[in-house]
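In: What would the 3D arrangement of this be:
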Amino acid sequence: MTIKGSCHCGDTQFEVSEAPTSVTRCTCSLCSKRGALWAYYTPAQFNLVQPPKQAATYRWGSRTVKHHFCANCGCGTYSESPDRSSGKPDFNNPRVGVNSRLFDEFDLDAVPVMVVDGKNLW
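Out: Okay, the predicted model is just below:
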């Protein structure tokens, strides 16, 4: 089941190959200020439908995560990072975190929200 999404102005459009079974709310300063709920995918499960016209990228801290956002409307769209499920960055296993609040026609209330204590972890 393909799920489509986009930023507010539509300059960044994407799709994922399946609906998330849960989403993550990270408490780090960036995620908290963004208000994102992250759904994680492998790069093969994520597709930019059209190259972003007004793309921008922000990196902070370790600079290992690329936080992409639309430079036109400001929506935080997706992030590229190494897998951190083991507690350490695994650069051989990249992940794409998609801001699930940008999914079209998807009921976020239907999936559980997992909280990651990013405020104290990184």
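In: Which elements pack onto the top helix by length along the chain?
Out: If you go by DSSP state H, the chain has its longest helix at helix 29-34. Secondary-structure packing of helix 29-34 (3 or more CB pairs under 8 Å, 6 or more residues apart in numbering; DSSP states H and E): helix 118-121. Using the backbone N, CA and C atoms, a C-beta is placed for each residue, glycine as well.
In: Asp109 falls within a helix, correct?
Out: Yes. Under DSSP: H, G, I helix; E, B strand; the rest coil, Asp109 falls within a helix.
In: centre of the chain versus the helix or strand that the longest helix of the chain is followed by, how much separation?
Out: Next along the chain after helix 29-34, taking DSSP states H and E as the criterion, comes strand 38-41. Centroid separation for strand 38-41 versus its chain: 6 Å, with CA atoms, centre = their mean, to the nearest Å.
In: Give me the buried positions along the next helix or strand after strand 38-41.
Out: Note on strand 38-41: by DSSP H and E, the next helix or strand toward the C-terminus is strand 46-50. For strand 46-50, a neighbour-count test (16 or more other CB atoms under 10 Å) marks Phe46 as buried.
In: Could you tell me which strand of the chain is the longest one?
Out: Ranked by number of residues, the top strand in the chain under DSSP state E is strand 90-99.
In: starting at the chain centroid, how far to whatever helix or strand comes next after it?
Out: Where DSSP H and E defines the elements, the next helix or strand beyond strand 90-99 is strand 113-116. Taking CA atoms, centre = their mean, one finds strand 113-116 lying 14 Å from the centre of the chain it belongs to.
In: average model confidence for strand 113-116?
Out: Average pLDDT, strand 113-116: 88.
In: who does that strand pair up with?
Out: Counting by DSSP bridges, the strands paired with strand 113-116 are strand 23-26 (parallel).
In: Output the strand it pairs with as CSV, nothing but the C-alphas.
Out: C-alpha atoms of strand 23-26 as CSV (Å, rounded to 0.1, in the frame of the first residue of the first chain):
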residue,chain,number,x,y,z
VAL,A,23,5.6,6.6,14.5
THR,A,24,8.3,8.1,16.7
ARG,A,25,8.2,11.3,18.7
CYS,A,26,11.7,12.4,19.5
